[in-house]
Every structure is written in C-alpha cells, then in structure tokens.
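J.: the sequence isn't on hand, but the structure is:
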C-alpha cells in the first residue's frame, strides 16, 4: 500500500512539474544539440555509452542540458543518482553522501553519481571534502557550473575531473523542442492541441538565448494563456507576455538590419551616447548578432576617433574580446561600456582621410622604387650594392629627426595625414609641426 501511495505521489509530482522538467530526455538520442559532446565519435558520448563513467565538470550557460547529461551518465552506468545543493549543503552533508555511497558500493555493488549544480558556489572546505571520494572511486562526481571553473574550482579537484563544455542551443535546436513539446501527449502539451505558426515559433526560439529550459517553460506559459483565452493557437502576444517583455520587430536579414546599424554608428559618431544606447539595445532585444555590433565598434574606433583618443581602439577591442569570452546577456555590459566611451570620446576622421589619400597615391602613382639609402643593409655585400649607404640614423641627431628622403624616387612628398585639433590629436599636431620644420614638409 505504501508503494502505491508513493508511486501516485511521484506521478502527481511529475504531472505538476514544469514543462522543461517533464520533457527532460530519458535517452541520449533524445538530447537535442551539443554535437561536440554527443556526435557519433565524441569522447563524452563514448564515455557515457561505455557505462563506466568518470568524474567530470560540465561548463556552460544555463539551459544547455548539464543536469540532463549528468542524469544520462548515471542511467547508462546503472548508478544511483544523488544531488547536492551548492547553496545549502555543508561539509557534513558531503561526508554523509560519501558514507552512503561507500555502503551502497559494498552492499549492492552499485556506484553513485553525485551531481552538484553550480559547484563553483562550494567553498574550498566543501570541495576538499569531496576529494577522498573522488580519488578512491567511491563516487563519480559531476559538477555543473556557469562560471569559468579554472577560476572557481580548486586545482586539486579540477585535476581529478575531465572538463566538457556545453554550448547554447541553436534556434533550429529550440524549434525541434517546441514542436516535440506541442505534440507529445505523454509528457508535453499534446493534449492541449495547441498550434503555433512558424513565425511565432521562430520568435520564441530566437528570444531565449539558446536556453532550452526558458524556451520550454515560456512555451507552457504562452499555451496556458492561449487556453485561458479560449484559443488553440499561440500568438506573438502570448509569447511576448510569457517572456515578460515586448517583442521587438526587427528584421535582421532585411533593410532594418542596415538602417538600424547605420543609426547606431551615426549616433556614436555624433557623440550622442543616449541615442547610441537606444539603438544598441533595440538591436540586442531584436536578436541581432552581438559580435556584428562589436566589429562595427572596433571599426569606428579608428575610422571616427582615431588619433584623437587612441584608447578608443583598445576599449573597443577589449569589449569584443570580453563579449566572446562571456557571451550574452552579460556581454551587453561590455558593448554598452564601449558604446558610451566611443560616443563621448573626441572625434577625428583624419586616420580615415590619411588612409584614403595614401591608397589613392599608390593606386594612381608610378611603381615605386625604394631609394638605396633606405634599403636593407643587414647582410654581407649590401654595402657594395649601395644599400643603406648614406642613411642618417635619426637617434644620432639632437631632435631625433633628420631631413632625408623617405618617399620613393619619382613620388613627390605629400602630407597624407593632417591632424585635427581634437583631443589627443592636438598634441600630435604640435609634435608634427616641430618634425615638419626639420624635414621641410608642409601640412596645411
């Protein structure tokens, strides 16, 4: 009788669980995405299917299946699956799990897979308490983390675990999950007989950042709202309400893509950080590729700011690198940082003008010949050819500058670079004025 009540309780708990929990894959072939881990020859898949698991760290963004993969490891190994909360468990709890795992191994000859989500939240003492069980094989430890484990997990523990990375699911992957959830009558929403258009499904898949959990749970909320309204079709408004934010109409592949990035760049160039931030988040909320935005900021740093503030290029590149490192949503901090810095920086397009002037001279002028005194003289016999002969070493002169020919024969010296009086470039202009007086170059 107790078993019947227990089974019914489990059944009711499952029925009331969120959609993402009910749709959790039970077999490795049900898992969507993660080809780097689950491809035919992937090391992770071979380990799982061997039934002889190893301790491992699963590192990746939320909703990428870390818990699911850990459960599948235990299932294939016919091992007991035990979880500990990194936020509430203490050293005493860890030792109790290790004791029970040891007893289970002795009495039942059954291994234990201990899964710790957000393992980076474990203190050093808690992590150290795991070491004996991992070393002697009492437990197979699987830790999941959204943070860089090299910074957050103790080196001794890291050295005893194999690291695997999970990636955000693609919109195509999420579309498959949406379709399956709407048609599955056992675990999904199939009994509701809900439909969804391709456009609305695409919007949901594109707006959840590769997070399967958020996608499925938002789908369930949208379906319940449609049902409450007496409809059998999930609309764009249902999805927007489920996501708790307005759906931004933004065609990434059409004219809007080019018009909005143009408005963004022109706002930064025009030194309006507020308008620039508006267009930045209009693009991000609309699902624009953040790396595309970062690349445009890197270009602008030299094209529109240049020598007026050379730090602008460093900030833009740093933002692009940070975005690649942490991804969205946190990467929005770095894009916003760079946008504000570049918008408020002094502006100069003189690098752009100088580049175009030099390119035009090369394309339209004669084929250049390097003057003999500028040619390489770092090899035996160069002096006999006259290479490097007559070259004046600027460091030997008091001003550090010496008047001599640097342009090719037949190409008249021309001032391609004409600094502005904006920002740091005004100081460059002063230095060039002194240099020009020595090498006899007119730059006005």
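T.: That came through, no problem. The model shown is predicted, which means the values in this text are computed figures rather than measured ones.
J.: show me what contacts residue 122?
T.: 86, 116, 130 (Cβ atoms under 8 Å, 6 or more residues apart in numbering). All C-beta atoms are positioned from the backbone trio N, CA, C, and that covers glycine.
J.: scratch that, residue 184
T.: Counting by Cβ under 8 Å, 6+ apart, the residues that residue 184 touches are 23, 190.
J.: burial of the nearest residue to residue 400 once chain neighbours are set aside, as a residue count?
T.: Once flanking residues are discounted, residue 400 sits nearest to residue 394: 5.5 Å by Cβ to Cβ, 6 or more residues apart in numbering. Look at residue 394: counted by other Cβ atoms under 10 Å, it has 12 neighbours.
J.: next: residue 429.
T.: The number of residues packed near residue 429 is 17, by other Cβ under 10 Å.
J.: pLDDT of the helix or strand containing it, averaged?
T.: Using DSSP states H and E, residue 429 sits in helix 425-439. Average pLDDT, helix 425-439: 82.
J.: give the buried residues for it.
T.: Residues of helix 425-439 classed as buried: 425, 428-429, 432 (neighbour count, 16 or more other Cβ atoms under 10 Å).
J.: how about residue 210, what does it touch?
T.: Contacts of residue 210 by Cβ under 8 Å, 6+ apart are 61, 63-64, 167-170, 173-174.
J.: returning to what we had before: the contacts of residue 122, buried ones only, as a PyMOL selection?
T.: Of the contacts of residue 122, the buried ones can be selected in PyMOL as follows, counting by 16+ other Cβ under 10 Å:
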select buried, resi 86+116+130
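J.: helices - which of the contacts of residue 122 land there?
T.: residue 130 (DSSP state H).
J.: quick one: which of the contacts of residue 122 is nearest to residue 359?
T.: Closest approach to residue 359 among the contacts of residue 122 (Cβ to Cβ): residue 86, at 57.1 Å.
J.: so what's the residue nearest the centre of the chain scoring on pLDDT?
T.: Note on the chain: the residue nearest the mean C-alpha position is residue 327, at 2.5 Å, using Cα atoms, centre = their mean. Here, the pLDDT recorded for residue 327 equals 86.
J.: wait, it touches residue 168, no?
T.: Yes. With contact defined as Cβ atoms under 8 Å, residue 327 counts as touching residue 168 (7.4 Å).
J.: report the set of residues contacting both of the two.
T.: The contact lists of residue 327 and residue 168 share residue 61, where a contact means Cβ under 8 Å, 6+ apart.
J.: strands of the chain, residue ranges please.
T.: 56-59, 80-85, 112-117, 139-145, 162-165, 195-196, 233-234 (DSSP state E).
J.: hang on, the earlier thing: can I get the contacts of residue 122 in CSV with pLDDT?
T.: CSV is the format used below for the contacts of residue 122 (pLDDT from 0 to 100):
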residue, pLDDT
86, 81
116, 93
130, 92
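J.: from the contacts of residue 122, pick the one nearest residue 414.
T.: Among the contacts of residue 122, and counting by Cβ to Cβ, the member closest to residue 414 is residue 86, at 65.7 Å.
J.: for residue 145, see how far away the closest one is.
T.: 9 Å (Cβ to Cβ, to the nearest Å).
J.: any shared contact partners between those two?
T.: 118-120.
J.: identify, from these, the entry nearest to residue 200.
T.: residue 118 (32.7 Å).
J.: list the contacts of the closest one.
T.: 86-87, 144-146.
J.: also residue 65?
T.: 25, 31, 33-34, 166, 212.
J.: could you do residue 234 as well?
T.: Residue 234 touches 194-196, 200, 219, 222-223, 226, counting by Cβ under 8 Å, 6+ apart.
J.: just checking, residue 98 touches residue 135?
T.: No. Residue 98 is beyond contact range of residue 135, at 11.1 Å (criterion: Cβ under 8 Å).
J.: the two: which is more packed in?
T.: residue 98 (20 against 11).
J.: that one and residue 72: what is the separation?
T.: 23 Å.
J.: repeat that for residue 134.
T.: Distance check for residue 134 against residue 72: by Cβ to Cβ, it reads 20 Å.
J.: who has more neighbours, these two?
T.: residue 72 (24 against 19).
J.: separation between the more buried one and residue 427?
T.: In terms of Cβ to Cβ, residue 72 sits 62 Å off from residue 427.
J.: before we move on, the earlier item: show me which of the contacts of residue 65 is closest to residue 378.
T.: residue 166 (52.1 Å).
J.: and the closest residue to that closest one other than its chain neighbours, how many neighbours?
T.: Of all residues not flanking residue 166 in the chain, residue 60 sits nearest, at 3.0 Å (Cβ to Cβ, 6+ apart). Neighbour count for residue 60, taken as other Cβ under 10 Å: 21.
J.: what's the answer for residue 356, then?
T.: Residue 356: 12 neighbours (other Cβ under 10 Å).
J.: over to the one 4 residues further on?
T.: If you count neighbours by other Cβ under 10 Å, residue 360 ends up with 11.
J.: about what we covered before: okay if I get the contacts of residue 234 as CSV plus pLDDT, distance to residue 311 and neighbour count?
T.: Below are the contacts of residue 234 laid out as CSV (pLDDT from 0 to 100; distance: Cβ to Cβ, whole Å; neighbours: other Cβ atoms under 10 Å):
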residue, pLDDT, distance to residue 311, neighbour count
194, 93, 53, 23
195, 94, 54, 13
196, 94, 48, 23
200, 92, 45, 21
219, 94, 45, 30
222, 92, 46, 24
223, 93, 51, 23
226, 91, 52, 22
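J.: could I get those as CSV with distance to residue 207?
T.: Output for the contacts of residue 234, formatted as CSV (distance: Cβ to Cβ, whole Å):
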residue, distance to residue 207
194, 18
195, 19
196, 14
200, 11
219, 11
222, 12
223, 16
226, 17
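J.: looking at the residues you listed, which are in helices?
T.: Using DSSP H, the contacts of residue 234 in helices are 200, 219, 222-223, 226.
J.: closest to residue 103 out of these?
T.: Closest to residue 103, out of all of these and judged by Cβ to Cβ, is residue 219, at 42.5 Å.
J.: do I have it right that that closest one meets residue 19?
T.: Yes. With contacts counted by Cβ under 8 Å, residue 219 reaches residue 19, the gap being 6.6 Å.
J.: what sits in contact with each of the two?
T.: 181, 189.
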